[in-house]
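Peer 1: Everything below, folded, please.
(chains A and B)
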2 protein chains.
Amino acid sequence: VKIEIICTGTELLIGHTLNTNLQFLGRELDTAGYEIAEERTVPDGGEAIGAAVGQALAAGADVVITIGGLGPTCDDLTRDAVAAQLGTRLKFDATVHAAIVAYLGERSIRVPADALRLQAMVPEGATALLNRNGTAPGLWCPAPENRLVVMLPGPPRELRPMFLEQVLPRLRERGPATVLRCGFHVCGVPESVVAERAERILTEFPGIAPAYCARLGEVDVRLSAPPACAPTLTAALNAVHAAFGPAALPPQCPDPAAAVGDLLLRRGWWLALAESCTGGWIAKTLTDRPGASRFFCGSVVSYSNDWKHTLLDVSADTLAQHGAVSAETAGAMLDALFRRYEADAGIAVTGIAGPGGGTPEKPVGLVYIASGIRGRPPQVACSLFPGDREGIRQRTVTLALNQLRLQLLQA
Amino acid sequence: VKIEIICTGTELLIGHTLNTNLQFLGRELDTAGYEIAEERTVPDGGEAIGAAVGQALAAGADVVITIGGLGPTCDDLTRDAVAAQLGTRLKFDATVHAAIVAYLGERSIRVPADALRLQAMVPEGATALLNRNGTAPGLWCPAPENRLVVMLPGPPRELRPMFLEQVLPRLRERGPATVLRCGFHVCGVPESVVAERAERILTEFPGIAPAYCARLGEVDVRLSAPPACAPTLTAALNAVHAAFGPAALPPQCPDPAAAVGDLLLRRGWWLALAESCTGGWIAKTLTDRPGASRFFCGSVVSYSNDWKHTLLDVSADTLAQHGAVSAETAGAMLDALFRRYEADAGIAVTGIAGPGGGTPEKPVGLVYIASGIRGRPPQVACSLFPGDREGIRQRTVTLALNQLRLQLLQA
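Peer 2: Residues are numbered from 1 along each chain as shown, chains lettered A, B, ... in the order given. As a prediction, this is how the structure comes out:
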């Protein structure tokens, strides 16, 4: 099954909106054993999306999924353009109309009648996929030669449940998976070293294709194979994974935050944070996933020196003598988590994320990460991270969590 | 100038990596007055990217920017594929090689010699763009008929400075802007209502094209026009903006967090937060932008009830009688920010982000947002947000900041 994704929206091309839909669909389709052959993003207006759908079908796509342009405004033209491309007409669908009216009624929202009617137009022969988080229905349109065009709304909160509940089950009825894939993450090892070590091992496993993706502080190792090679793929994964020792996260584990959560839960320990330069990002990362309330007490985001002093007992002396960005301050922040807030495990970070605030002695990118477990010697690491503000903060989040992860593994 | 972006990377298509490069390039090119005509994402391996570059040039692109596939591993084949497509050969470049050796030497990183040599291969006639945050250089390759292929490395920390410092200035030398664009954000008004109100006003401004993009709690209104219509565009922007009153953020203001920061700075006020269900996300949002240290003290991320009690003085009575997710708890959390932490302005949030933890009385999506200014009556809003965990948390972040923004506007 060759799947192509076509996203419409000038807001994606001019950078107003980050396209998170591709990641979501990619992950869900991959997990289900399908491959996205290609993705395209085209501007608003029916012409571009109509042409892109036509080209995808001409190039042999079995399934074309369009995203966006189903809303109530004058730049929402996907429905018309795709119907024109497939040579079908749009028909008013009273059931869809009633569903939209009911949706809006429950929320006491009033919208213009024209906008309402527009969203209830369905191509002949298509099935409307009801939208429980918005007004625009998705559209499941059979195309010539047993192919398919699926139109989904752009807002992720509408697209995601519609895809999982209504599109994926219907896709599964059409055909089986085409590729097997597995992998894991390695923390704190450069990409080229990861690749060299993996490939030395993979010479013993024919038919297994490796791929790598470097992130900030992490490398994502992926192995793939045709369905016939399933046993070899499992053996290869085990061998490559073992070669990285504790630097490798368990397969299936998406990031160090998940690994930290699992290790804490296993011991029944509670984690607290003291964050300066990351400004709450470590806490946000830990709570992105459900279930954090079983191991995470909270974070003292002490952005000002005042808060470092009053909430985390960093002494005026320490701040004056060593500065807010110092091993001493990071250590004192961590101490307070154990002493004052009774955490079992803790992470404290302080650094200069930039672009301003750097000096020759303490340049932008200087970050201290203190972490540890109650009653054991803490670890305080000093790093000088390259990159911009976002990169420095992201690296700090990843490496702080990884530093605690390695301590938890040995505890 | 017709610009096409081609991203390579199976990790993008299988959802392991979120493509943030498109947003970055889109925003920077748009600000500089250029349009991205289309973006494509293709899998690893030279074949797909070579074909995509060929198709883009055949379809009339003036500038093709490729992203990714320049790294040191065996799946990094962009350089070879593009050279083959353009009919040029790769030559070893000793200057590039020396730069990579120096970069690695400064960081005491050892990589295999083959990987190093691969990254120093440059197409004949191309200019290497040195990479100050990694090893792979970018490549600026003239193509037939005064066209251009620019190859950039995939990691954002490498791509971003290279684009701003080396690509954008060279692009500017080639030709002027083609479209004018402006816009603003509206908070708390449904998309269809925004569109109807805007379009009623735009009937008086011929030549101005509107576009809308709905986010969680916000609608992005954009107007565009050819360069000749600049005065009309300004007048249209002012008229449409005025129609939304305080619900509209100032033009240029990217989000409610930036607006809140500006309003606080203007008064010299300090903001503190007490976050439960957002788990640090509001603090992270405020500190994404540099300069937050001039108005932001910090956030008490009190994920556990224990922390709500010990750090924010929410009484055991309140927690037992009304629960952690209640107007009373949100109000008490806000109170503590003023009383105990001496904030001038504050936001406190508590809610059920799901997917677990909901009950018939307190379903998933129930969120209390308390906000206010020291010495004035606080506002406590109760909302029932639709969507998944991420959506509920994102809406809470946006609407909490907007709630305080409206209070600051009246203060």
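Peer 1: next helix or strand past the helix or strand where A:Lys91 lies?
Peer 2: Per DSSP states H and E, A:Lys91 falls inside strand A:90-92. Next helix or strand after strand A:90-92 toward the C-terminus (DSSP H and E): helix A:94-106.
Peer 1: hmm, back to that, which other helices and strands contact the strand holding A:Lys91?
Peer 2: Here strand A:90-92 touches helix A:78-86, strand A:121-123, going by 3 or more Cβ pairs under 8 Å, 6 or more residues apart in numbering or on different chains; DSSP states H and E. In this view, the C-beta of every residue, glycine as well, is placed from N, C-alpha and C.
Peer 1: Centre of the chain to that strand, how far?
Peer 2: 37 Å (Cα atoms, centre = their mean, to the nearest Å).
Peer 1: go on, stretch A:124-132?
Peer 2: 28 Å.
Peer 1: buried sites along that stretch?
Peer 2: The neighbour-count check on stretch A:124-132 (16 or more other Cβ atoms under 10 Å in any protein chain shown) flags A:126, A:128-129, A:131 as buried.
Peer 1: Which strands or helices does the longest helix along chain A pack on?
Peer 2: Counting by DSSP state H, the longest helix found in chain A is helix A:389-410. Helices and strands touching helix A:389-410, by 3+ Cβ pairs under 8 Å, 6+ apart, are strand A:180-187, helix A:256-267, helix A:281-288, strand A:345-351, strand A:366-373, strand A:379-384, helix B:156-162.
Peer 1: how about 6 Å then?
Peer 2: helix A:256-267, helix A:281-288, strand A:345-351, strand A:366-373 (3 or more Cβ pairs under 6 Å, 6 or more residues apart in numbering or on different chains; DSSP states H and E).
Peer 1: Just list the residues touching the residue nearest to A:Asp76 when sequence neighbours are not counted, thanks.
Peer 2: Leaving aside its chain neighbours, A:Asp76 sits nearest to A:Gly69 (4.9 Å; criterion: Cβ to Cβ, 6 or more residues apart in numbering or on different chains). Listed by Cβ atoms under 6 Å, 6 or more residues apart in numbering or on different chains, the contact partners of A:Gly69 are A:8, A:76-78.
Peer 1: Recalculate using a threshold of 8 Å.
Peer 2: Residues counted as contacts of A:Gly69 (Cβ atoms under 8 Å, 6 or more residues apart in numbering or on different chains) are A:8-9, A:44, A:46, A:49, A:75-79, A:81, A:154.
Peer 1: Please report how far it lies from chain B.
Peer 2: 11 Å (Cβ to the nearest Cβ, to the nearest Å).
Peer 1: Surely that residue forms part of a strand?
Peer 2: No. Counting by DSSP: H, G, I helix; E, B strand; the rest coil, A:Gly69 is not part of a strand but coil.
Peer 1: What pLDDT is listed against it?
Peer 2: Turning to A:Gly69, the model gives it a pLDDT of 93.
Peer 1: What of A:Ala113?
Peer 2: Reported pLDDT for A:Ala113: 82.
Peer 1: Looking at the strand holding A:Lys91 now, give me its mean pLDDT.
Peer 2: Strand A:90-92 comes out at a mean pLDDT of 95.
Peer 1: for stretch A:34-54, same thing?
Peer 2: In this model, stretch A:34-54 has an average pLDDT of 93.
Peer 1: what's the answer for stretch A:371-386, then?
Peer 2: 95.
Peer 1: now the end-to-end length of that stretch.
Peer 2: 22 Å (Cα to Cα, to the nearest Å).
Peer 1: any residues touching it, and which ones?
Peer 2: With Cβ under 8 Å, 6+ apart, stretch A:371-386 has contacts from A:269, A:327, A:330-331, A:334-335, A:338, A:343-348, A:351, A:363, A:365-370, A:391-392, A:395-396, A:399-400, A:403-404, A:407-408, A:411, B:133, B:157.
Peer 1: Can you say which of these are buried?
Peer 2: So, by 16+ other Cβ under 10 Å, the buried ones in the contacts of stretch A:371-386 are A:269, A:330-331, A:334-335, A:338, A:343-348, A:351, A:365-370, A:391-392, A:395-396, A:399-400, A:403-404, A:407-408, B:133, B:157.
Peer 1: got a pLDDT number for the residue in chain A sticking out farthest from the centre?
Peer 2: Within chain A, the residue lying farthest from the chain centre (Cα atoms, centre = their mean) is A:Asp317, at 41.8 Å. Here, the pLDDT recorded for A:Asp317 equals 97.
Peer 1: A:Val397 reaches A:Thr285, doesn't it?
Peer 2: Yes. At 5.7 Å, A:Val397 counts as touching A:Thr285 under the criterion of Cβ atoms under 8 Å.
Peer 1: Could you list the contact residues of the stretch 101-250 of chain A toward chain B?
Peer 2: By Cβ under 8 Å from any Cβ of the partner chain, the residues of the stretch 101-250 of chain A that approach chain B are A:109-112, A:115, A:133, A:155-157, A:160-161, A:181, A:183, A:190-193, A:195-196, A:199, A:210-216, A:220, A:222.
Peer 1: Helices - which of those land there?
Peer 2: Using DSSP H, those in helices are A:115, A:156-157, A:160-161, A:191-193, A:195-196, A:199.
Peer 1: what's the most distant pair in those?
Peer 2: A:Ala115 and A:Glu196 (57.5 Å; Cβ to Cβ).
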